[in-house]
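Colleague: attaching a predicted model along with its sequence, questions to come.
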Amino acid sequence: MSAEAISLAEGTIIEKTVISDRTKIKKKKKMSSDQLSVNIIGALLVGIFALICVIPFYLIIVASFTSENSLIRDGYPILPRLSELSLQSYALCLKNPTAILKAYGMTISVTVTGTFLAVLLATMTGYVLSRKDFPWRNQFSFFFFFTTLFNGGLVPWYLMCTRYLNFKNSIVGLILPLMFSVWNMIIAKSFMAGIPAEISESAKIDGANDITIFAKLILPLSKPLIATLSLFSALAYWNDWYNCMLFVTNEDMFTLQYYLQRILGSAEAMRIVAEKSGIALPSIPLEGMKMAMTIIATGPIVLLYPFVQRYFVKGLTIGAVKG
Amino acid sequence: MGRGEYLIKNLKRHWMLLLMLLPALIYVIVFSYIPMTGIIMAFKKYQYNGGIYFSPWNGLNNFKALFISGKLLQVTRNTLLYNIAFIFFGVVFEMGSAILLNEIIHKMFKKTVQSLMFLPYFISWVVAGAIIYNIFNYERGVFNNIVTSLGGAPFDLYNTPGAWPFVLIFLKLWKQTGYGSVVYLAAITGMDQEMFEAASIDGASAWQKIKYLTIPSLRPTMMILVLLGIGNIFRGDFGLFYQTVKSSALLQPMTDVIDTYVFRLLIDNGNVGVSAAAGLYQSVLCFITIMICNSLVKKANPDYALY
């Protein structure tokens, strides 16, 4: 019987491929003039836009590998100046690596811890609110959603964080503010509402409790969701400079982006002072260093994208709050 | 069965779900609902020892100071106009690129383009600030290099307030379009494909299918995104404005938004009361706008309403 099933399945697969081959042939034949024009115009437009999206990165990379003398004399390059290629800027950034390493360590630990907690919180909350047998799900949903409609503004929030929760110079102050987002919760809720309710119901009848159902059954079925939410959270943590600027004064605790912000700012300040006071510019490659530091601070997070890309469209279902 | 009994029965049955909900509940209470009560700061003279709840009352003096400063109208106007531009061009660019991406048959090309478009979404506003610096720096920027090599006069962005709306709108679109288009693209892939096939059989051209099928089917997604945008129409994207404009007073008439203004009042000037008043003004404006818009949408078509 099982052999029969297999052959049956094979049969349908073969049939399907035949059909899809046919439609392919049809499509190729039927690529009419208007379809062709849509394709060409579309490819051209999005292609140009995609180029515009990458060019700034290219410019920064090229500048970071150009010698400081050339940057000062000829400005930031458009095309690589082959005779002026140099690792000078990176060497200077890494000459005293403790600050960068500390910033890296800080950013990585905040990102990893924060992302884990944020994804757990969003999926757990989203799951409860997606359970149709949970009697207060609409009320709680609105309780969460209301915070996006109205808030107390920056001042009460800031006072809460600094005066009552003591976020000054604490790693908690870098993790907690980004840990929960109502949007991530809504994405989780919409995704989990699409998982058949029978899974939870039958497990419940078998005696499993809600936490077990969530951890053992629902989470494994939610990989696209988890990938998407992890990416969002990791990006938010990795790219955070705001909370560091508000709460951290201890240089050992600077995150990468805030460290970069300081470098961009202080390099500029040093130059202005040097120019105003008429003192010859120090031979520190400031311009190139800014660019190299920008690359160093951006790096790893961009590499994350290919891993989660295939889950992206599936995980990202936005829905309204109701229901 | 009475109401109370029913409640107890439900509590007994669902206590574990409630337990799972608890961390998020505590979170929003601490970070959103308790700070909401802090709006009373707008009517108080902040004293360090008094904190939020025990500082002395100050009547409407904070609001008076806010209106006297003359800045309020300017920052409100800027915030509103920038956001209108962001919403409008955002929809055009995101929906447009999603539709075009969907039409492209060549798989590799489509995938590459999509990945490249997503790249700017991955960087922080600090890095975006570095990019603006690289391109528009007066002495060494790429832009001026091109202009002068073509024989033009160098252009000083940091002394030209009028050019900033273009730069900021462009930067926002540059950073956001890749992400936004994925949202629309997800909606397109979720559409009924038979509808398109039927249209082809009936002889509809590719443009007609876009115009009469794809765009109308994207309307719910668009409405949600637009309504979300409208809900924040009086909230400026702090990072965008703060990291690119920096604290240039010369550019403020064109680039200062409510958020940067509130931030300066609080952090740079330490003017807690006035800053709280400006924050409350902003929150109330946002709240009223979204309430009105949502109820209008609900009247027109309940399916499109946010809540």
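Modeller: Perfect, I can see it now.
Colleague: how near is residue A:122 to residue A:261?
Modeller: Distance, residue A:122 to residue A:261, using Cβ to Cβ, to the nearest Å: 28 Å. Heads up, the C-betas are built off the backbone N, CA and C, glycines and all.
Colleague: out of the two, which sits in the busier spot?
Modeller: Between residue A:122 and residue A:261, counted using other Cβ atoms under 10 Å in any protein chain shown, the more crowded position is residue A:122 (28 against 25).
Colleague: distance of the more buried one relative to residue A:243?
Modeller: Using Cβ to Cβ, we find residue A:122 at a distance of 19 Å from residue A:243.
Colleague: okay, now residue 177: neighbour count?
Modeller: You didn't say which chain, so I picked chain A. Residue A:177 has 20 nearby residues by other Cβ under 10 Å.
Colleague: I was thinking of chain B, sorry if that wasn't clear
Modeller: Applying other Cβ under 10 Å, we find 27 residues neighbouring residue B:177.
Colleague: and the strands in the stretch 101-250 of chain A?
Modeller: Shown for the stretch 101-250 of chain A, no strands are assigned by DSSP state E, counting those that start in this stretch.
Colleague: helix/strand/coil for residue B:48?
Modeller: Put simply, residue B:48 is coil when judged by DSSP: H, G, I helix; E, B strand; the rest coil.
Colleague: report pLDDT for it.
Modeller: With respect to pLDDT, residue B:48 scores 83.
Colleague: what's the separation between it and residue B:275?
Modeller: 15 Å.
Colleague: okay, these two: which has more neighbours?
Modeller: Using other Cβ under 10 Å, the more surrounded residue of residue B:48 and residue B:275 is residue B:275, with 27 against 8.
Colleague: tell me if that one really is in a strand.
Modeller: No. Using three-state DSSP, the secondary structure at residue B:275 is helix, not a strand.
Colleague: wait, it sits on residue B:265?
Modeller: Yes. With contact defined as Cβ atoms under 8 Å, residue B:275 reaches residue B:265; the gap is 3.7 Å.
Colleague: in the stretch 201-307 of chain B, what residue lies closest to chain A?
Modeller: residue B:279 (2.4 Å; Cβ to the nearest Cβ).
Colleague: so what's that residue closest to, chain neighbours aside?
Modeller: residue A:153 (2.4 Å; Cβ to Cβ, 6 or more residues apart in numbering or on different chains).
Colleague: what's near enough to touch residue A:216?
Modeller: Residues in contact with residue A:216 (Cβ atoms under 8 Å, 6 or more residues apart in numbering or on different chains) are residue A:208.
Colleague: mind doing that once more with 10 Å?
Modeller: A:203, A:208 (Cβ atoms under 10 Å, 6 or more residues apart in numbering or on different chains).
Colleague: again, but for residue A:46
Modeller: B:96-101, B:103-104, B:109-110, B:113-114, B:116-117, B:177, B:181.
Colleague: which helix is the longest one in the chain?
Modeller: All of this is about chain A. helix A:97-130 (DSSP state H).
Colleague: my bad, chain B
Modeller: The residue-count maximum for a helix in chain B (DSSP H) belongs to helix B:71-103.
Colleague: distance from the chain centre to the longest helix of chain A, please.
Modeller: Here helix A:97-130 shows a centroid-to-chain-centroid distance of 11 Å under the convention Cα atoms, centre = their mean, to the nearest Å.
Colleague: for the helix or strand hosting residue A:263, what is the average pLDDT?
Modeller: Assigned by DSSP states H and E, residue A:263 belongs to helix A:256-277. Helix A:256-277 shows a mean pLDDT of 75.
Colleague: restricting to C-alpha, output stretch B:224-239 in PDB.
Modeller: In PDB, the C-alpha atoms belonging to stretch B:224-239 read as follows (Å, rounded to 0.1, in the frame of the first residue of the first chain):
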ATOM      1  CA  ILE B 224      -2.600  50.000   7.100                       C
ATOM      2  CA  LEU B 225       0.900  51.500   6.400                       C
ATOM      3  CA  VAL B 226      -0.600  55.000   5.700                       C
ATOM      4  CA  LEU B 227      -2.700  54.900   8.900                       C
ATOM      5  CA  LEU B 228       0.400  53.900  10.900                       C
ATOM      6  CA  GLY B 229       2.300  56.800   9.300                       C
ATOM      7  CA  ILE B 230      -0.500  59.200  10.100                       C
ATOM      8  CA  GLY B 231      -0.600  58.000  13.700                       C
ATOM      9  CA  ASN B 232       3.000  59.200  14.000                       C
ATOM     10  CA  ILE B 233       2.600  62.300  11.800                       C
ATOM     11  CA  PHE B 234       3.700  64.600  14.600                       C
ATOM     12  CA  ARG B 235       6.600  62.400  15.600                       C
ATOM     13  CA  GLY B 236       9.900  63.100  13.800                       C
ATOM     14  CA  ASP B 237      12.400  60.300  13.100                       C
ATOM     15  CA  PHE B 238      14.900  61.500  15.700                       C
ATOM     16  CA  GLY B 239      17.900  59.500  14.400                       C
END
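Colleague: thanks a lot, see you next time.
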